[in-house]
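1. Fold the following, please.
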Amino acid sequence: MYWLFLLLALGCFGLAMKTPHMGLMLLSLLGTLVFLLVWVRGLYVARFGNLQRDISSVIDPAELRRLREQAQARQQLAQDDSDTP
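-> From the prediction side, this is the model:
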């Protein structure tokens, strides 16, 4: 859908090149700039996702501490297993 803004920007630029009126040319060039910026923003959002961060993926400190303790326990268990023949 954001590709339509690129086509609109090209149309505004073509109009700016063809018109003999200075006011219409400036308005068309301004439209070209706006449509190009909207197109770039749409391209960015399409490639890198939404600009908002998903708050549900944040881990609270208690959960993080529990995961860290589990990882340390697993590491200690693996180290004990490798020490015993």
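2. the longest helix in the chain is where?
-> The residue-count maximum for a helix in the chain (DSSP state H) belongs to helix 22-48.
3. any residues touching the helix or strand following that one, and which ones?
-> As assigned by DSSP states H and E, the chain's next helix or strand after helix 22-48 is helix 61-83. Outside helix 61-83, the residues that touch it by C-beta atoms under 8 Å, 6 or more residues apart in numbering are residue 59. C-beta coordinates here come from the backbone N, C-alpha and C atoms, glycine included.
4. Flag every buried residue along helix 61-83.
-> By 16 or more other C-beta atoms under 10 Å, helix 61-83 has no buried positions at all.
5. still on that earlier bit, in the longest helix of the chain, what counts as buried?
-> Buried residues in helix 22-48, counted by 16+ other C-beta under 10 Å: 28, 31, 32, 35, 36, 38, 39, 42.
6. min pLDDT across the residues you listed, which one?
-> Among the buried residues of helix 22-48, residue 42 carries the weakest pLDDT, at 92.
7. Let me see the confidence value for residue 33.
-> 98.
8. give the contact list for residue 16.
-> 24, 25, 28, 29, 32.
9. Any chance of the buried residues of helix 22-48 in CSV with distance to residue 49 as columns?
-> Putting these into CSV (distance: C-beta to C-beta, whole Å) gives the following:
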residue, distance to residue 49
28, 33
31, 28
32, 27
35, 23
36, 22
38, 18
39, 17
42, 13
